[in-house]
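Peer 1: Give me coordinates for this.
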Amino acid sequence: MDLKAKFIRRDRGKPPANADETVFIVDDDPRVLRGLARLLRSHGFHVRTFESARLFLKEHDSFVPGCLILDVAMPELSGLELQDALAKCTVRRMIIFLSGHGDIPAATRAMRAGAVDFLTKPVNGEALLGAVREAMERDRLARIVSAANLTSQKRFATLTPREREVMEHVVDGRLNKEIASDLGTVEKTVKVHRGRVMSKMGARSLAELVRIALRLGIGGNSQP
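Peer 2: Next up, the predicted model:
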């Protein structure tokens, strides 16, 4: 089986790992690894280094917070190919690319795929530190959103089929009497279901329920 496929299968559904933020560095030049690791550690970052994308994939856990500094041109599996593999993870990894020369097509592809930055070697220390700090902040925010979405998915799973129907109508801006007519029931029953939906979803207002629904891909005719 292809290594990337093995990695993706292993990553799915894995429980969160308890670990500190880590800066992962993948580069096939040992001198670059040592230099970057020394710089980042001197500024208080926890660092792990890998001499190939394949070695990184074998040990990578997307639930470990942090970011990735990644060389573009590497044998066997390139930086861009590794980015493609990581895009299929449960939690997206924030990536800072390094290139030995100005490769505009590679930079364009990397940034369109969500890279935080694309720096040219020899990399400026302050530029790299700034990119790492930005990547770490993006990672923190992304994990907050991911955790909120997971909570919403679990709550949505507790709704009955009828409560889900009512929720879809509510977030689409339908009035209780309209929902009752559409579902072939009475307005009083819709009010009961609506109250249960609000409670189970942890929504304190209609606007909050709409925001939750939109994150889950439910409805879409109303604005939060």
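Peer 1: Sketch out the helices for this protein, chain order is fine.
Peer 2: Shown for the chain, the helices assigned by DSSP state H span residues 3-11, 30-42, 53-59, 79-86, 104-112, 125-156, 161-171, 176-183, 187-201, 206-216.
Peer 1: Could you check the pLDDT of the residue lying farthest from the centre of the chain?
Peer 2: Going by C-alpha atoms, centre = their mean, the residue of the chain most distant from its centre is Val186, 41.8 Å out. Val186 is assigned a pLDDT of 94 by the prediction.
Peer 1: so it touches Lys177, yeah?
Peer 2: No. The pair Val186 and Lys177 fails to qualify as a contact (C-beta atoms under 8 Å) at a distance of 9.3 Å. The C-beta positions use only the backbone N, C-alpha and C, and glycine is treated the same way.
Peer 1: List the residues that contact the nearest residue to Arg140 once chain neighbours are set aside.
Peer 2: With C-beta to C-beta, 6 or more residues apart in numbering as the measure, Pro65 is the residue that lies nearest to Arg140, at 7.1 Å, once sequence neighbours are left out. With C-beta atoms under 8 Å, 6 or more residues apart in numbering as the criterion, the residues that contact Pro65 are 19-22, 139-140, 143.
Peer 1: Among those, which one is most surrounded by other residues?
Peer 2: Within the contacts of Pro65, Asp139 tops the neighbour count with 20 neighbours, counted by other C-beta atoms under 10 Å.
Peer 1: Give me the phi and psi for Arg92.
Peer 2: Its backbone dihedrals place Arg92 at phi -70, psi 130, with angles given as degrees, to the nearest 10.
Peer 1: same thing with Asp27?
Peer 2: Given degrees, to the nearest 10, the pair of backbone angles that Asp27 has is phi -160, psi 140.
Peer 1: For the residue lying closest to it once chain neighbours are set aside, list each beta-bridge partner.
Peer 2: In this structure, Asp27 finds its nearest non-sequential neighbour in Asp71, 4.1 Å apart by C-beta to C-beta, 6+ apart. Counting by DSSP bridges, Asp71 forms beta bridges with Leu98.
Peer 1: tally of neighbours for Asp71?
Peer 2: 23.
Peer 1: Next one: it from Arg48, what distance?
Peer 2: For Asp71, the distance to Arg48 equals 15 Å [C-beta to C-beta, to the nearest Å].
Peer 1: next one: Ser78
Peer 2: When distance is defined by C-beta to C-beta, Ser78 is 20 Å away from Arg48.
Peer 1: Then Glu187?
Peer 2: With distances defined as C-beta to C-beta, the gap from Glu187 to Arg48 amounts to 59 Å.
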